[in-house]
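K.L.:
coordinates only, sequence not included:
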């Protein structure tokens with residue numbers, strides 16, 4: 001099944017017109033024709049089965065045959081807050097794989113030891129869209145602009161999510177599977193290669209974050225982040 005991302009579509013629509021980019025891909029690249037079936041996703045859980053009425057390479061006209069809402073909805077919501085890696089390819093790799101596994105929201109966080117202070121949200125959004133389509137999902141993770149550590153803690157103060165903090169300082173920690181219950185909202189903080197500062201760790205603990213363990217090995221930022229995503233997914237099986 002080939003998916004096309006069409007955020008403008010709504011469940012009440014009876015017909016839809018693909019934009020020029022998606023039309024060109026459908027007609028010129030995939031060589032689809034009148035009568036062929038195309039599946040659309042809106043990024044909000046909607047999956048649309050459609051039929052090509054006019055195979056125009058710039059404005060392909062579709063008839064909507066069937067709509068599924070909440071397609072592939074997960075029983076939990078995971079918000080990953082990750083310090084950007086110096087090499088952006090590694091952060092993009094994480095976002096791609098996390099989207100495939102199951103991710104609700106992503107926020108790049110700027111810490112005291114961060115090697116990168118800026119990220120291009122548009123680029124990350126494109127990575128998430130491609131991963132959503134490739135993994136046959138209908139939900140697109142929300143990608144937020146980068147935010148400082150202190151501002152983020154202020155932003156999430158009072159939220160009722162399960163909050164986890166992965167850091168390298170030796171201390172009492174819990175595994176995700178024992179720290180949190182299933183079918184909840186999760187907010188996990190993953191620091192930069194140089195780890196969170198002592199001040200940041202203290203501030204997070206004061207804000208209600210629980211120190212979590214990802215095992216004995218020292219992991220790269222993107223590896224630790226993806227391991228966390230997988231653990232939350234397994235917790236909710």
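P.N.:
Okay, I see it. Because the structure is a prediction, the values reported are computed rather than measured.
K.L.:
My guess is residue 59 contacts residue 16. True?
P.N.:
No - Residue 59 is not in contact with residue 16 according to CB atoms under 8 Å; the separation is 10.7 Å. Just so you know, the C-beta spots here come from the backbone N, C-alpha and C atoms, and that holds for glycine as well.
K.L.:
When the two are compared, which one has more neighbours?
P.N.:
It is residue 16, of residue 59 and residue 16, that has more neighbours when counted by other CB atoms under 10 Å, with 20 against 12.
K.L.:
per-residue pLDDT, the more buried one?
P.N.:
According to the model's per-residue confidence, residue 16 sits at a pLDDT of 97.
K.L.:
What strands flank the one helix or strand it maps to, and is each parallel or antiparallel?
P.N.:
Here residue 16 is covered by strand 15-17, with elements defined by DSSP states H and E. Counting by DSSP bridges, the strands paired with strand 15-17 are strand 61-68 (antiparallel).
K.L.:
Quick check: what element follows the strand it pairs with along the chain?
P.N.:
Scanning forward in sequence from strand 61-68, with DSSP H and E defining helices and strands, the next element found is strand 77-82.
K.L.:
confidence score at residue 1?
P.N.:
Looking at residue 1, its pLDDT stands at 85.
K.L.:
contacting residues around it?
P.N.:
By CB atoms under 8 Å, 6 or more residues apart in numbering, the contact list for residue 1 reads 39, 136.
K.L.:
Quick check: the gap between the nearest residue to residue 208 once chain neighbours are set aside and residue 204.
P.N.:
Across the structure, with CB to CB, 6 or more residues apart in numbering as the measure, the residue nearest residue 208 apart from its sequence neighbours is residue 163 (5.5 Å). Distance, residue 163 to residue 204, using CB to CB, to the nearest Å: 8 Å.
K.L.:
and if you look at residue 76?
P.N.:
Between residue 76 and residue 204 the distance, using CB to CB, works out to 21 Å.
K.L.:
And residue 49, by the same measure?
P.N.:
Where residue 204 is concerned, residue 49 sits at a distance of 45 Å (CB to CB).
K.L.:
Compare the two and say which is more crowded by neighbours.
P.N.:
Each of residue 49 and residue 204 had its neighbours counted (other CB under 10 Å), and the higher figure belongs to residue 204 (22 against 16).
K.L.:
which residues in the protein form strands?
P.N.:
Listed in chain order, the strands found in the chain under DSSP state E are 3-5, 15-17, 37-41, 47-54, 61-68, 77-82, 105-110, 142-143, 147-148, 162-166, 174-175, 185-190, 210-213.
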